[in-house]
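**Student:** Mind folding the following:
(chains A and B)
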Amino acid sequence: DTEVTQTPKHLVMGMTNKKSLKCEQHMGHRAMYWYKQKAKKPPELMFVYSYEKLSINESVPSRFSPECPNSSLLNLHLHALQPEDSALYLCASSPLDLSGNTIYFGEGSWLTVV
Amino acid sequence: GENVEQHPSTLSVQEGDSAVIKCTYSDSASNYFPWYKQELGKGPQLIIDIRSNVGEKKDQRIAVTLNKTAKHFSLHITETQPEDSAVYFCALRYSSASKIIFGSGTRLSIRP
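**Tutor:** Take a look at the predicted model:
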């Protein structure tokens, strides 16, 4: 079972709202990721958590705030977003062992900022 | 810096024919090369991957080849079917990093 579950599937929020995207995996993976994907573009890495600690932040604006409460959960808190932040937000996970770092993606959360 | 180029950006083939997508990279430290298929409205799905100590890997109609000397790797799909229509992304990981970066994608269309 290689399942990464993301909620909600669709989210519409105003520029003054505070919302969160949630991600869950039960594969025992110790690395979790947030990617952003605009239409007709490849996924772009935002954050990487390794062993529940933030290991990579790709210079993402502070209006995006990641959180990893435990090894199975990953959140992305959203505040004061701009319309150009509208995109598909993908969560992913991978093992951190000698089997390799194969990354498995969820189906994504479609975010529209109005 | 980290870079992977993917070609072509669009590809249309007759059903039953083969499709080939190629990616080139610059950093010789890259050691893991996955390929993802993304259907409309869905997340990327891993379809095949290859590690730097292997030159070729095959899984039914899908194969990936890696040329470390020339720094390129390719996806080969044989006997294409309508359900192969999607956007395909190559990707790679650097040995010292836990992140994976993607090529620009290839939109594959299978003509009936």
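**Student:** where does chain B dip in pLDDT?
**Tutor:** B:1-2, B:95-98 (pLDDT under 70).
**Student:** which residue ranges form the strands in it?
**Tutor:** B:4-7, B:10-14, B:19-25, B:30-38, B:45-51, B:56-59, B:62-67, B:72-77, B:86-94, B:100-102, B:106-111 (DSSP state E).
**Student:** again, but for chain A
**Tutor:** Under DSSP E, chain A gives strands at A:4-7, A:10-13, A:18-25, A:31-37, A:44-50, A:53-57, A:64-70, A:73-79, A:87-94, A:104-105, A:109-113.
**Student:** before we move on, the earlier item: I'd like to know which of the strands of chain B is closest to chain A.
**Tutor:** Across the strands of chain B, chain A has its closest neighbour in strand B:100-102 (3.7 Å, C-beta to the nearest C-beta). Every residue, glycine included, has its C-beta placed from N, CA and C.
**Student:** before we move on, the earlier item: in TSV, list the strands of chain A along with mean neighbour count, distance to residue B:73 and mean pLDDT.
**Tutor:** As requested, the strands of chain A are exported to TSV (neighbours: other C-beta atoms under 10 Å in any protein chain shown; distance: least, C-beta to C-beta, whole Å; pLDDT from 0 to 100):
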stretch	mean neighbour count	distance to residue B:73	mean pLDDT
strand A:4-7	18	25	97
strand A:10-13	14	35	96
strand A:18-25	18	27	98
strand A:31-37	24	21	95
strand A:44-50	20	20	94
strand A:53-57	12	24	94
strand A:64-70	15	31	97
strand A:73-79	18	29	97
strand A:87-94	24	19	96
strand A:104-105	22	20	94
strand A:109-113	18	31	97
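**Student:** how about those strands, which one is nearest residue B:71?
**Tutor:** Taking C-beta to C-beta, strand A:44-50 is the member of the strands of chain A nearest to residue B:71, at 21.2 Å.
**Student:** Residues of chain A that sit close to chain B?
**Tutor:** With C-beta under 8 Å from any C-beta of the partner chain as the criterion, chain A meets chain B at residues A:4, A:31, A:33, A:40-45, A:48, A:50, A:55-56, A:90, A:94, A:96, A:100-108.
**Student:** Against residue A:106, how distant is the spatially closest residue to residue A:51 that is not a sequence neighbour?
**Tutor:** Among residues not flanking residue A:51 along the chain, residue A:30 sits closest, at 5.3 Å (C-beta to C-beta, 6 or more residues apart in numbering or on different chains). In this view, residue A:30 and residue A:106 are 17 Å apart by C-beta to C-beta, to the nearest Å.
**Student:** Compare these two and say which is more crowded by neighbours.
**Tutor:** The residue with more neighbours, out of residue A:30 and residue A:106, is residue A:106; 24 against 15, by other C-beta atoms under 10 Å in any protein chain shown.
**Student:** could you measure the residue nearest to residue A:51 against residue A:71, distance?
**Tutor:** 6 Å.
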